[in-house]
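Asks: A structural model of the following input is requested.
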Amino acid sequence: MPPPPIAPDGPGQVPYGYPGAYGTPGYPHQPGGGYGYGWPGMHPLPSNGMGTTSLVLGIISAAVFCLWPIAILLGVLALIFGLIGRGKIRRGEATNSGPALAGAICGAAGIVLGLAMLAFVIATR
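Replies: The predicted structure is shown next:
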């Protein structure tokens, strides 16, 4: 993030934490051979997309079980994304363990309901 723009009448007081402020060494190279203070490293945001996707697909799969081919396909995808999301949670890359687990369960329920509907369709022919 760049420092704020300089006012027309001069720089004024540089806010604390900006490179070169209050006699701190500049960024990225200082005369001693090391690096300046720079910006403190931010932790990456959690990667919760797989768990959320799993939950959405699982709910849709369970809700549209009458459309059994779509329900089975979405259920399989929900189960896969849920398991990938759970793996990310174990590695500390994600924080939504509940939605990932619920998505995997709803996906499995969608698969079962879709297969039951398929069996019903075959039995009534």
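Asks: hmm, who's touching the helix or strand containing residue 78?
Replies: Using DSSP states H and E, residue 78 sits in helix 68-90. The contact list for helix 68-90 (Cβ atoms under 8 Å, 6 or more residues apart in numbering) reads 47-48, 50-51, 53-55, 57-58, 60-62, 64-65, 94-97, 99-101, 103-111, 113-115, 117-118, 121. Heads up, the C-betas are built off the backbone N, CA and C, glycines and all.
Asks: name the nearest residue to residue 115, ignoring sequence neighbours.
Replies: In space, and not counting its chain neighbours, residue 115 is closest to residue 72: 6.7 Å by Cβ to Cβ, 6 or more residues apart in numbering.
Asks: correction: the previous question concerned residue 78.
Replies: Distance criterion Cβ to Cβ, 6+ apart; nearest residue to residue 78, sequence neighbours excluded, is residue 107 at 2.8 Å.
Asks: same check, this time on residue 108
Replies: Nearest residue to residue 108 in three dimensions, chain neighbours excluded: residue 79, at 5.8 Å (Cβ to Cβ, 6+ apart).
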